[in-house]
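Colleague: Okay, predicted coordinates and the sequence, questions at the end:
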Amino acid sequence: MLRYLRPLFSRLLLPLGRLLAKLGITPSTVTLVGALGVVVSALVFYPLGELFAGSAVITGFVLLDMLDGAVARASDNTTKWGAFLDSTLDRLSDAAILSGLMLWFFGGGENPTLGYVSLFCLVAGFGVSYIKARAEALGANCDVGIAERAERLVILLVAAGLGGLDVPYVLPAGLWILALLSGITVVQRLIETRNRLTRPRRTAGDTGSV
Ligand SMILES: CCCCCCCC/C=C\CCCCCCCC(=O)OC[C@H](COP(=O)(O)O[C@@H]1[C@H](O)[C@H](OP(=O)(O)O)[C@@H](O)[C@H](O)[C@H]1O)OC(=O)CCCCCCC/C=C\CCCCCCCC
Ligand SMILES: Nc1ccn([C@@H]2O[C@H](COP(=O)(O)O)[C@@H](O)[C@H]2O)c(=O)n1
Ligand SMILES: [Mg+2]
Ligand SMILES: [Mg+2]
């Protein structure tokens, strides 16, 4: 769903991307700073129960994920290695966010049930991304799913942020919804990949390499 906002964000971020490129900042520097910022802030703020501050700081760093591509495009420096680094660090960032929450729920937050729900979200989120990566490696396009990364992050960060402000029910509801949507997305991507790999006629986006 949020993928439809992507062209708009790309256009809005292009001037900033141009400026950073002019200053000699490389796309991979933006990628690395964003990922490092997310990992450190998630593993510092969340385990301490600072859910609002954590969500606010993480949001700032996670938005750099949209800026690295803008810098790459502005400097005509779009590379396969950059795309690989970006996707790989996305996984580490997502793992850190959900691990930070788990540390809180199994520790001072004293809510092991939500700890296990967070663990499920982490595993299902990895499943969502892995299925797409493996499908693409086999030549099948798998750009589907109700909860792609942007949706998962918005649900998680808003739920944790509002939970940190003591708004009742939002955090557990957000985590359970995230678990459900992530599970549905795994199934959607499995079905899409199966259809694309078993149908004789290839469809748009498929490359056919095995
Ligand atoms: C009360 C508070 C209300 C706050 C309301 C907030 C509403 C927010 C509404 C919109 C803002 C978000 C717009 C996001 C638009 C994103 C567009 C997009 O598609 O971005 C994708 C991009 C990077 O994509 P990549 O191609 O680089 O990454 C791919 C991805 O990793 C794939 O993963 P998969 O989907 O498969 O799991 C990989 O498969 C693929 O390989 C890989 O290339 O950007 C992002 O992914 C990052 C998006 C970040 C969006 C987070 C924004 C956070 C917004 C709100 C949080 C608010 C929290 C506030 C805290 C305080 C709350 C009280
Ligand atoms: N270090 C990087 C990061 C990204 N890219 C290119 O941008 C695309 C992703 O852009 P987003 O803004 O949507 O994250 C990625 O697929 C690469 O083409 C890059 O070259 N180097
Ligand atoms: Mg990016
Ligand atoms: Mg990224």
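Modeller: Yes, it's here. Ligands and ions are numbered 1, 2, ... in the order given.

Colleague: residues touching the residue of the chain found nearest ligand 1, list them.
Modeller: Minimum separation of the chain from ligand 1 (CB to the nearest ligand atom) falls at Gly161, amounting to 2.5 Å. Every residue, glycine included, has its C-beta placed from N, CA and C. When contacts are counted by CB atoms under 8 Å, 6 or more residues apart in numbering, Gly161 touches 51-52, 55-56, 59.

Colleague: Mind putting these into CSV with pLDDT and secondary structure?
Modeller: What follows is these, written out as CSV (pLDDT from 0 to 100; DSSP: H, G, I helix; E, B strand; the rest coil):
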residue, pLDDT, secondary structure
Leu51, 98, helix
Phe52, 98, helix
Ser55, 98, helix
Ala56, 98, helix
Thr59, 98, helix
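
Colleague: From those, keep the buried residues only.
Modeller: Listed as buried from these are 51-52, 55, 59; burial here means 16 or more other CB atoms under 10 Å.

Colleague: circling back: tell me the one of the contacts of Gly161 nearest ligand 2?
Modeller: Distances from ligand 2 to those, taken by CB to the nearest ligand atom, are shortest for Thr59, at 15.6 Å.

Colleague: got the contact list for the closest one?
Modeller: With contacts taken as CB under 8 Å, 6+ apart, Thr59 has the following neighbours: 157, 161.

Colleague: Number of residues surrounding Thr207?
Modeller: Burial of Thr207, expressed as a neighbour count using other CB atoms under 10 Å, amounts to 12.

Colleague: How about Asp166?
Modeller: Counted by other CB under 10 Å, the residues lying close to Asp166 total 10.

Colleague: what's the spacing between the spatially closest residue to Phe9 that is not a sequence neighbour and Thr31?
Modeller: If the residues on either side of it in the chain are set aside, Phe9 comes closest to Met66, at 5.3 Å by CB to CB, 6 or more residues apart in numbering. Taken as CB to CB, to the nearest Å, the spacing of Met66 relative to Thr31 amounts to 11 Å.

Colleague: Give me the more crowded residue out of those two.
Modeller: Set side by side, Met66 and Thr31 show unequal neighbour counts under other CB under 10 Å, the larger going to Thr31 at 25 against 18.

Colleague: Hmm, that one is touching Phe84, no?
Modeller: No. Here Thr31 does not reach Phe84: they are 10.3 Å apart, not a contact under CB atoms under 8 Å.
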